[in-house]
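In: pasted the sequence and its predicted model underneath.
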Amino acid sequence: MDLKVGIEQVKIRLLELWNYRIFKFAVIIHLSYFIISLILIGFKADFQVFYKSGEIFITNISDLYNKANYSVDKNLWFRYFPLCAIFFIPYSLLIFEVAYIFFNIVNFFLNIFICLILYKIILLIQSEDHEKDEKRIITYLSLFLIGFPQISNYFIGQINLYIVFLILLSLFILLKYEEMKWQLLGSFLVGISIMIKPIAIFLIPFSIAIYYDLKKRKLYFDLKKSLIRIIGMLIPIFLNLIMFFIYPSLLAGFLETNFSGAENVIVNFSFSITRLITNFFNFYSIPYNQIILFIGVVIVIGSIGLLIYIFRSDKQYSIIYGYLLGICIMLLVYFDSWDHHLLIITPLLIVVLFNLPRDSEIANKTIIPGFIALNFLNLIFIGVWALTESFFPYNFVSTIFLLLILYGIGIYSLKNDIKIQEN
């Protein structure tokens, strides 16, 4: 396509979108998030860790998880897979302020690409009884752009949009192409997202092409597709295991930082079930083992999710609900689930909303309230938590809505009124 023609088409498309009032509002608000984030340099706490990790990776990789290299006073240090630091080497070669500006410019454009992919996914999977025009789609994309998790992600310099982009691109590929080479590529993108940030690690079991038909008492299992997907997701993780083998200190640092370290038992405003329980135990000085507690919560919540996934009725686009289950469960079970992490689940809620029937009670009673709450209320309740921490240290609002979403997915997935091709 001629460049001038392409540019002209983009201009025409932007003018079409500009006719939507909510789109204008979203552009202005989102640009304000972006610009203010560049001005308020003191908020770049998380990016400082990423910036430093890139430097350490090329100078002394064995020191990657040494907390003394980071902002220990703020409980901020590197806690991801070691190869994640490779993504930040280019930034670490720049002056910090320049690196941060460039980092958030990338985040800004990632938001644009995310909206484009979301739009394409919605057109691919939306229920036939939805409106034929795009007004409702533009409305929800605009709401995503002005959501409060966007503020947190920009201001502290987080990497959630990298994860969202990779997960949605993976989902689009898996939905659109059945060939095994595309299934491998789509799954590999999820593996890359896990390598960057392990929050997507529970997508692995929920990408397996399996379900049990309760009426026929028959198990359906696509071994080839399942193996291809699992292999694709595990390749990047396996590369990190090689790093752990070469540098054993990295494995010890990774495990301590993420599971056994003292920072995982401090009282904070994480909305995960695990953190709510540790906050309760700490508040009342009740002794406990954090690893056993974490494993217990994973078993309970994970088992519920797997039962929903395995015993679902044979609905088209089941991979969408598998992805949503995986992210929802991770947010509920891991020690630290923050406001900016919600950027990863809200786009999936939008996809599900358009896949469900237009007048779906499940959408109206669980998915839409969950989206609104997670997109706009959690940051407010963090402020409430700060005021009540001394006598009520529980940030539970997002927890309730995540459980509501899990319930809604369960009810819909276990219904037997729609029987069409498995994806």
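Out: Received the coordinates, thanks.
In: now do the phi/psi pair for Leu76.
Out: phi -120, psi 120 (degrees, to the nearest 10).
In: touching, it and Asn69? I think so.
Out: No: at 10.8 Å, Leu76 does not count as touching Asn69 under the criterion of Cβ atoms under 8 Å. No exception for glycine: its C-beta is placed from N, CA and C like everyone else's.
In: which SS state does the closest residue to Leu404 other than its chain neighbours fall under?
Out: Here the nearest residue to Leu404 in space, its sequence neighbours aside, is Thr366; by Cβ to Cβ, 6 or more residues apart in numbering that works out to 5.1 Å. Assigned with DSSP: H, G, I helix; E, B strand; the rest coil, Thr366 falls in the helix class.
In: contacting residues around Thr366?
Out: Leu404, Ile405, Tyr407, Gly408, Ile409, Ile411 (Cβ atoms under 8 Å, 6 or more residues apart in numbering).
In: quick one: Glu97 and Phe103, what's the gap?
Out: Relative to Phe103, Glu97 is positioned 11 Å away (Cβ to Cβ, to the nearest Å).
In: so those two - more neighbours on which side?
Out: The residue with more neighbours, out of Glu97 and Phe103, is Phe103; 22 against 11, by other Cβ atoms under 10 Å.
In: list the contacts for the more buried one?
Out: When contacts are taken as Cβ under 8 Å, 6+ apart, Phe103 is in contact with Phe47, Phe50, Tyr91, Gly157.
In: tell me which helix or strand it sits in.
Out: Secondary structure from DSSP states H and E places Phe103 in helix 96-125.
In: tell me which residues touch the most centrally placed residue in the chain, please.
Out: Taking Cα atoms, centre = their mean as the criterion, Ile344 is the residue nearest the geometric centre of the chain, at 2.7 Å. Residues near Ile344 by Cβ under 8 Å, 6+ apart: Asn160, Ile163, Val164, Ile167, Ile199, Ala200, Ile327.
In: the second one contacts Ile199, doesn't it?
Out: Yes: using Cβ under 8 Å, Ile163 makes contact with Ile199 at a distance of 6.4 Å.
In: by neighbours, which of the contacts of Thr366 wins?
Out: Neighbour max across the contacts of Thr366 (other Cβ under 10 Å) = Ile405, 27 neighbours.
In: my read: it touches Leu349, true?
Out: Yes: Ile405 sits in contact with Leu349 when judged by Cβ under 8 Å, with a separation of 7.1 Å.
In: for stretch 62-78, the distance to its chain's centre please.
Out: Offset of stretch 62-78 from its chain centre (Cα atoms, centre = their mean, to the nearest Å): 24 Å.
In: go through it and flag the buried ones.
Out: When burial is assessed from 16 or more other Cβ atoms under 10 Å, stretch 62-78 yields the following buried residues: Leu64, Tyr65, Lys67, Asn69, Tyr70, Leu76, Trp77, Phe78.
In: over to stretch 247-255?
Out: Residues of stretch 247-255 classed as buried: Tyr247, Leu250, Leu251, Gly253, Phe254 (neighbour count, 16+ other Cβ under 10 Å).
In: now do stretch 268-286
Out: Judged by neighbour count using 16+ other Cβ under 10 Å, the buried positions of stretch 268-286 are 268-279, 281.
In: now the strands for this structure?
Out: 210-213, 218-221 (DSSP state E).
In: of all those, which one is nearest Ile362?
Out: Of all the strands of the chain, strand 210-213 sits nearest to Ile362, with 18.8 Å by Cβ to Cβ.
In: got the contact list for Ala68?
Out: If you count contacts by Cβ under 8 Å, 6+ apart, Ala68 has none.
In: again but with Leu141, I slipped
Out: With contacts defined as Cβ under 8 Å, 6+ apart, the neighbours of Leu141 are Ala26, Cys115, Leu118, Tyr119, Ile350.
In: from the buried residues of stretch 247-255, which land in helices?
Out: Mapping the buried residues of stretch 247-255 onto helices (DSSP state H) picks out Leu250, Leu251, Gly253, Phe254.
In: for these, which one is nearest Tyr394?
Out: Out of those, the one with the shortest distance to Tyr394 is Phe254. That distance is 28.7 Å, counting by Cβ to Cβ.
In: mind checking how far the residue nearest to the closest one when sequence neighbours are not counted is from Val351?
Out: Distances taken as Cβ to Cβ, 6+ apart put Tyr65 closest to Phe254, at 6.2 Å, once the chain neighbours are dropped. With distances defined as Cβ to Cβ, the gap from Tyr65 to Val351 amounts to 35 Å.
In: same question, Ser272
Out: Distance of Ser272 to Val351, computed by Cβ to Cβ: 23 Å.
In: same question, Asp359
Out: For Asp359 relative to Val351 (Cβ to Cβ), the value is 18 Å.
In: swap in Gly157?
Out: Applying Cβ to Cβ, one obtains 27 Å for the distance of Gly157 from Val351.
In: repeat that for Met233.
Out: Summarising the geometry, the distance separating Met233 from Val351, computed by Cβ to Cβ, is 19 Å.
In: which residues of the stretch 1-150 of the chain score low on pLDDT?
Out: Within the stretch 1-150 of the chain, the stretches with pLDDT under 70 are 1-3, 6, 41-44, 71-74.
In: quick one: the helices in it, in order.
Out: 3-18, 21-39, 45-59, 89-92, 96-125, 135-146, 148-156 (DSSP state H, counting those that start in this stretch).
In: now the stretch 251-400 of the chain
Out: Assigned by DSSP H, counting those that start in this stretch, the stretch 251-400 of the chain shows helices spanning 273-283, 290-310, 318-333, 346-355, 361-362, 368-376, 378-388, 397-414.
In: sort out which residues of the longest one are buried, please.
Out: The neighbour-count criterion (16+ other Cβ under 10 Å) identifies 290, 293-294, 297-298, 301-302, 304-306, 308-310 as the buried residues of helix 290-310.
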